[in-house]
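In: Quick one, structure for this:
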Amino acid sequence: MKLLVDTHAALWLLLDDDRLPKTAHRLLCGESTDCFLSAASVWEVAIKRRLRKLKAPADFHIHLRRHGIASLPIYDHHAALVADLPLHHNDPFDRLLVAQAMAEGMSILSAEEILSKYDVPVLW
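Out: The predicted structure is shown next:
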């Protein structure tokens with residue numbers, strides 16, 4: 001299974017936060033799951049750190065590689081697909097994650113229920 005990890009889930013894994021359910025933790029650390037972190041999540045954390053809305057290591061994405069989470073770049077076809085998504089949600093980072101998951105045939109690991117309104121599998 002190919003799994004795109006939402007920003008909050010990646011941070012909760014890194015921080016060993018109790019808000020990450022055990023089922024989600026098993027998916028993230030399971031051998032049968034290929035996990036990816038979008039460059040959009042790195043961008044989101046960088047912006048929120050700069051605005052002091054979030055405390056997280058600047059190199060959190062590098063630490064996640066130790067958990068076997070690979071990087072997913074943002075390609076032009078990902079960005080273009082955002083325009084075709086229904087307006088269920090206005091968060092630009094989440095909308096880009098949805099577009100990436102759709103384009104790459106991935107499921108999204110997220111607690112965001114609104115994401116299930118899109119035509120992409122959401123696990124949690």
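
In: Report the beta-bridge partners for F36.
Out: L4, A70 (DSSP bridges).

In: Contacts only, for it.
Out: Neighbour list for F36: K2, L3, L4, V5, I69, A70, S71, L72, E104, M106 [criterion: C-beta atoms under 8 Å, 6 or more residues apart in numbering]. Yep, even glycine has a C-beta here, placed from its N, CA and C like the rest.

In: can you rerun that using 6 Å?
Out: L4, A70, L72 (C-beta atoms under 6 Å, 6 or more residues apart in numbering).

In: filter the residues you listed to the buried ones?
Out: L4, L72 (16 or more other C-beta atoms under 10 Å).

In: and which of the contacts of F36 is nearest C29?
Out: A70 (13.9 Å; C-beta to C-beta).

In: Name the residues of the one helix or strand in the chain whose mean pLDDT sits lowest that are buried.
Out: Across the helices and strands of the chain, mean confidence by mean pLDDT, DSSP states H and E is lowest for helix 22-29: a mean of 86. Of all the residues in helix 22-29, those buried under the rule 16+ other C-beta under 10 Å are A24, L27, L28.

In: show me the contacts for the first one.
Out: For A24, the contact set (C-beta under 6 Å, 6+ apart) comprises L109, W124.

In: follow-up on the earlier one: any chance of the buried residues of helix 22-29 in CSV with distance to R50 as columns?
Out: Listed next are the buried residues of helix 22-29 as CSV, based on distance: C-beta to C-beta, whole Å:
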residue, distance to R50
A24, 28
L27, 30
L28, 27
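
In: got the CA coordinates for stretch 96-106 in PDB?
Out: Output in PDB follows, covering the C-alpha atoms of stretch 96-106 (Å, rounded to 0.1, in the frame of the first residue of the first chain):
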ATOM      1  CA  LEU A  96      -2.400  19.600  -2.600                       C
ATOM      2  CA  LEU A  97      -2.100  16.400  -0.600                       C
ATOM      3  CA  VAL A  98      -5.400  15.200  -2.000                       C
ATOM      4  CA  ALA A  99      -4.200  16.000  -5.600                       C
ATOM      5  CA  GLN A 100      -0.900  14.200  -5.000                       C
ATOM      6  CA  ALA A 101      -2.700  11.200  -3.600                       C
ATOM      7  CA  MET A 102      -5.100  11.000  -6.500                       C
ATOM      8  CA  ALA A 103      -2.300  11.400  -9.100                       C
ATOM      9  CA  GLU A 104       0.000   8.900  -7.500                       C
ATOM     10  CA  GLY A 105      -2.700   6.300  -6.500                       C
ATOM     11  CA  MET A 106      -2.100   6.700  -2.800                       C
END
